[in-house]
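Enquirer: got a predicted structure here, sequence first:
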Amino acid sequence: MFDYQAQPNCLQNKTILVTGAGAGIGRAAALNYAKFGATVVLLGKTVEKLEQVYDEIVNLGYPEPAIIPLDMKGATAQHYKDMVSTIVGQLKHIDGALLNASILGELTPFTQISAQIWQDVMQVNLNAQMQLAQALIPTMTQSNSASLIFTTSGVGNQGRAFWGPYSISKFATEGMMQVIADEYEGSSLRVNAINPGATKTSMRATAFPAEDKSLIAEAEDIMPLYLYLMSDDSKAVNGQRLNAQ
Ligand SMILES: NC(=O)c1ccc[n+]([C@@H]2O[C@H](COP(=O)([O-])OP(=O)(O)OC[C@H]3O[C@@H](n4cnc5c(N)ncnc54)[C@H](OP(=O)(O)O)[C@@H]3O)[C@@H](O)[C@H]2O)c1
């Protein structure tokens, strides 16, 4: 596991957007960012899940979060621009964004990938990430220390049979991360990608229904890297693909 001990309040006064914040790894990251002092903006598809995370954060006495229910499958570039304007209008700045939401699509032989699955996976896992990044960067570069984190996978730099659309979308995500990181090298914005590794979530259960779940990391276990890349301790880290495990 990535080794990092976050200092209490290391994210104080930071506003951090987390996509896919209602479940799995995104939920754990949102709770941890709030625990270490950030005001978290919870973006996700299912309102009830976001409300549960909101309640958990408030009940724990952490800074009150904001909720943005949005289906990234149907959202346009304008939705993300409007979202950033709304966040800046209410919370003034955006210092971090964890682009975590993704879909698996279907595990299937390459010749049998359906056009619809290909389009859905590319829309959520790639196009939406690009539109989000475009909307976020002008505001994030105004922060004196901003961290943009993409989410990749073990199949994001090594292809694997039957993982077609998902794997290819993650390769492209890593490419996008490298392009943006190179453009902003030397600026106050750093851009990196996390490979979470096998983690006990509903996506993992769908991909590996028969595996022994007691051998898989909990989302909470992989949080040190998520905290490190969001804290100012990682100010000098840019353009990297980092393994949480
Ligand atoms: N778990 C692993 O072992 C593993 C390994 C490698 C990489 N990853 C990556 O880690 C990230 C998190 O995965 P996870 O395992 O936590 O997945 P998960 O449990 O399936 O959670 C995915 C999150 O994304 C949200 N989401 C999905 N489609 C969306 C849409 N159209 N619009 C808005 N939000 C949407 C979901 O919201 P709803 O619940 O409301 O649908 C959910 O909150 C993903 O990028 C995944 O590729 C995970």
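Expert: Thanks, I have it. Numbering: from 1, shown residues only.
Enquirer: please enumerate the strands of this structure.
Expert: According to DSSP state E, the chain carries its strands in the segments 15-19, 39-44, 66-69, 96-99, 146-151, 189-195, 241-243.
Enquirer: got the ones you listed as CSV, with distance to K213, mean neighbour count and mean pLDDT columns?
Expert: Heads up, the C-betas are built off the backbone N, CA and C, glycines and all. Formatted as CSV, the strands of the chain follow (distance: least, C-beta to C-beta, whole Å; neighbours: other C-beta atoms under 10 Å; pLDDT from 0 to 100):
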stretch, distance to K213, mean neighbour count, mean pLDDT
strand 15-19, 24, 28, 98
strand 39-44, 23, 27, 98
strand 66-69, 29, 16, 98
strand 96-99, 24, 27, 98
strand 146-151, 21, 26, 98
strand 189-195, 20, 24, 98
strand 241-243, 21, 15, 98
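Enquirer: enumerate every residue touching the residue minimising distance to the centre of the chain.
Expert: Centroid-nearest residue in the chain: N100, 2.2 Å away (criterion: C-alpha atoms, centre = their mean). Contact partners of N100, counting by C-beta atoms under 8 Å, 6 or more residues apart in numbering, are 18-21, 25-26, 29, 149, 151.
Enquirer: before we move on, what about I103?
Expert: Contact analysis of I103 by C-beta under 8 Å, 6+ apart lists 120-121, 124-125, 166, 203.
Enquirer: quick check: residues of this structure near the ligand?
Expert: Selection of the chain residues close to the ligand by C-beta under 6 Å from any ligand atom yields 20, 22-26, 44-46, 49, 70-73, 100-103, 124, 151, 153, 196, 198-199, 201-204.
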